[in-house]
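*Asks:* structure for the following, please:
(chains A, B and C)
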Amino acid sequence: MTSVIEVRELHDWPTTESEAVSIQERLRSLVRTDEQPAEVRTAAGLDVDYRESSDELVAAVTVLDVATLSLVDSAAVRGRAEFPYVPGLFAFREAPALLKALQELRVVPDVLVCDGHGLAHPRRCGLACHLGVLTDLPSIGVGKTAMGHYEPPAEPRGSWSPVTMDGEEVGRALRTQTGVKPVFVSIGHRYTLDDACDLVLDLAPKYRLPETTRSADHLSRRS
DNA sequence: GCGACAG
DNA sequence: ATCTTGTCGC
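*Replies:* Coordinates of the predicted model:
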């Protein structure tokens, strides 16, 4: 059974934190920020649910039609966290199972909407960058809490403010619902920040989190 | 040296 | 991530 999504073998599995850091520095050099898909008709949501023992997990991917937010495809796989949770190395914990789930899809989504950050990361290589580079698919990160500094955006839906790290703009705090805490959007791979924010607003017409994330979260909990 | 630090 | 009550609103 061959996958429609090919996962590139760009690195060995790290044994230590310093090996993981080296891998991120190399993956970072492969991130493309100068491209944008001509047309984004479908978007994938990715999320992981942890079970007892905290290293048993279920990774879920859902693919939604952006115009209608209806479900086009989905996949869920059980797995095991292969790395401890270390801030900054989060991707090594969740990416393996998420990549397996992506390989079970029957359609190739136009963009991956990841539950975590992309360039808004100490080494500018968060989960969304890992998944984007390893699949070579466009990707963005949508985090629920900030990494970096920001001022709260204005109250109306659609308002945003820059998120900075080391004086550099790495993402945006985006208000998806008026009067509700913002989400934190950053680039993963082959996408622009302006378009990422437009996409997240399209995907979040009613709730704070995009429907991609919500549907993947629901699927992971039921699988 | 200490705090902060996605999920 | 997860542990947790009641409450408000559709």
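*Asks:* would you say A:V63 is within a strand?
*Replies:* Yes - membership of A:V63 in a strand is supported by DSSP: H, G, I helix; E, B strand; the rest coil.
*Asks:* thought A:L69 was touching it, still the case?
*Replies:* No - counting by CB atoms under 8 Å, A:V63 sits too far from A:L69 to count as a contact (11.2 Å). Where you see a C-beta, it was placed from the backbone N, CA and C, and this is true even at glycine.
*Asks:* so these two - more neighbours on which side?
*Replies:* Taking other CB atoms under 10 Å, A:V63 and A:L69 do not tie; A:V63 has more neighbours (24 against 18).
*Asks:* gap between that one and A:K144?
*Replies:* 21 Å (CB to CB, to the nearest Å).
*Asks:* and what of A:V7?
*Replies:* Taken as CB to CB, the span from A:V7 to A:K144 is 26 Å.
*Asks:* the two: who's more crowded?
*Replies:* Between A:V7 and A:K144, counted using other CB under 10 Å, A:V7 has the larger neighbour count: 16 against 13.
*Asks:* quick one: low-confidence ranges for chain A?
*Replies:* Under the criterion pLDDT under 70, no range of chain A is flagged.
*Asks:* tell me which parts of chain A are close to DNA strand B?
*Replies:* Counting by CB under 7 Å from any atom of the strand, chain A comes close to DNA strand B at A:47-48, A:50, A:54, A:85, A:87-91, A:115-117, A:121, A:126-128, A:141, A:143-145, A:147.
*Asks:* A:V111: how many residues sit nearby?
*Replies:* Neighbours of A:V111 under the rule other CB under 10 Å: 27.
*Asks:* list the buried residues in the strand or helix carrying A:H218.
*Replies:* If you go by DSSP states H and E, A:H218 is part of helix A:211-222. By neighbour count with 16 or more other CB atoms under 10 Å, helix A:211-222 contains the buried residues A:211-217, A:219-220.
*Asks:* any residues of chain A in contact with DNA strand C? List them.
*Replies:* Contacts of chain A with DNA strand C, taken as CB under 7 Å from any atom of the strand, map to A:49-50, A:54, A:144.
*Asks:* so which of the residues of chain A next to DNA strand B are in helices?
*Replies:* With helices taken from DSSP state H, the overlap with the residues of chain A next to DNA strand B comprises A:90-91, A:127-128.
*Asks:* redo those as TSV? Include neighbour count.
*Replies:* Shown next, in TSV, are those (neighbours: other CB atoms under 10 Å):
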residue	neighbour count
A:F90	18
A:A91	26
A:L127	27
A:A128	33
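*Asks:* return the member of these nearest to DNA strand C.
*Replies:* DNA strand C lies nearest to A:F90 out of these, by CB to the nearest atom of the strand, at 10.1 Å.
*Asks:* that closest one reaches A:G126, doesn't it?
*Replies:* Yes - using CB under 8 Å, A:F90 is in contact with A:G126, at 7.1 Å.
*Asks:* what touches both of those two?
*Replies:* The contact sets of A:F90 and A:G126 overlap at A:G116 (CB atoms under 8 Å, 6 or more residues apart in numbering).
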